[in-house]
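*Asks:* Sequence plus predicted model, see below.
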Amino acid sequence: MYTDTELDPLIEHFHSDVIGPYWPPERALLDNGYTRIRFPYPRLETPPFFMEEQWQFSHLIGYLNTWSAVKQYEKALGQNPIELHFHQLESAWGNLEREKKIYWPLILYVGKKSI
């Protein structure tokens, strides 16, 4: 997920360093763009695709709270990791009344069978 703002490095740090050890192992498939999946057809290049939304800060916090690694961190350590980083995220967001564009790359793994 990206915002093209100063939030991006904070979210990357949170995703990879803070809750990184709590992601399920299969998450690596997505993080590697599904390139480690055996596929019976030659992979075709695809143009980049993105999903985009306009969010308020509360939407971001709600979304982060859905991450499975957040739940596993909370279960293991007894505290929600978002609460530990809330003020940093809030500060980087800026005006809490202002919406920001949030976007996610959509990863396609497309192949073509030879005839």
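*Replies:* Right, received. Where do you want to start?
*Asks:* going forward, measure contacts between C-alpha atoms and count neighbours the same way
*Replies:* Will do.
*Asks:* and whichever helix in the chain runs longest, what's its mean pLDDT?
*Replies:* Ranked by residue count, the top helix of the chain under DSSP state H comes out as helix 81-93. Averaging pLDDT along helix 81-93 gives 96.
*Asks:* Check which residues of the helix or strand following it are buried.
*Replies:* Proceeding N to C from helix 81-93, the next assigned helix or strand is strand 100-106, under DSSP states H and E. Using 16 or more other Cα atoms under 10 Å as the test for burial, strand 100-106 gives 100, 102.
*Asks:* Enumerate the positions of the longest helix of the chain that are buried.
*Replies:* Under the neighbour-count criterion of 16+ other Cα under 10 Å, helix 81-93 has 81-82, 89, 93 buried.
*Asks:* How about the contacts made by the nearest residue to residue 104 once chain neighbours are set aside?
*Replies:* The shortest distance from residue 104 to any non-neighbouring residue, by Cα to Cα, 6 or more residues apart in numbering, is to residue 1 (4.5 Å). Contacts for residue 1 were tallied using Cα atoms under 8 Å, 6 or more residues apart in numbering; they are 102-105.
*Asks:* again, 7 Å this time
*Replies:* Shown in contact with residue 1 (Cα atoms under 7 Å, 6 or more residues apart in numbering): 102-104.
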